[in-house]
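Student: What follows is a predicted structure for the sequence shown.
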Amino acid sequence: MIEKSPNTTRLMDKLLLKKFISRENCSNDRRVVFVEITPIGLDVLAKIDVKFANSKITPKGLTDEEAETLSNLLDKIRLEYY
């Protein structure tokens, strides 16, 4: 996943709502947030890995720049529907 910092909090909020991650604020430094993937999140990742391995999509040939462009285009498409 390629994301820029401004989107990080929004994405973490969505993952938290789905119980894919847990989040805890640091008691010593309010700027620090500890994030951990939950068992539910790990289960989802395992299922995605299986589906991806069985798909015909082969991202191995993408450069980092191409992967970022693809990610940005998919974000634009996703925003049209949500």
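Tutor: Sure, I can see it. Numbers count the residues shown, from 1 in each chain.
Student: For Arg10, see how far away the spatially closest residue to Asn25 that is not a sequence neighbour is.
Tutor: Among residues not flanking Asn25 along the chain, Val33 sits closest, at 5.7 Å (Cβ to Cβ, 6 or more residues apart in numbering). Where C-beta positions appear, they are placed from N, C-alpha and C, glycine not excepted. Using Cβ to Cβ, to the nearest Å, Val33 is found at 14 Å from Arg10.
Student: With neighbour numbers in mind, choose between those two.
Tutor: Val33 (13 against 10; other Cβ atoms under 10 Å).
Student: for the chain, which spans come out with low pLDDT?
Tutor: 1-5, 55-59, 79-82 (pLDDT under 70).
Student: Tell me which stretches of it form strands.
Tutor: Secondary structure of the chain, counting by DSSP state E: strands at 21-25, 33-37.
Student: From Phe34, how far off is the residue located most distally from the centre of the chain?
Tutor: Of all residues in the chain, Asn28 has its C-alpha farthest from the mean position, at 27.1 Å, by Cα atoms, centre = their mean. Counting by Cβ to Cβ, the gap between Asn28 and Phe34 amounts to 11 Å.
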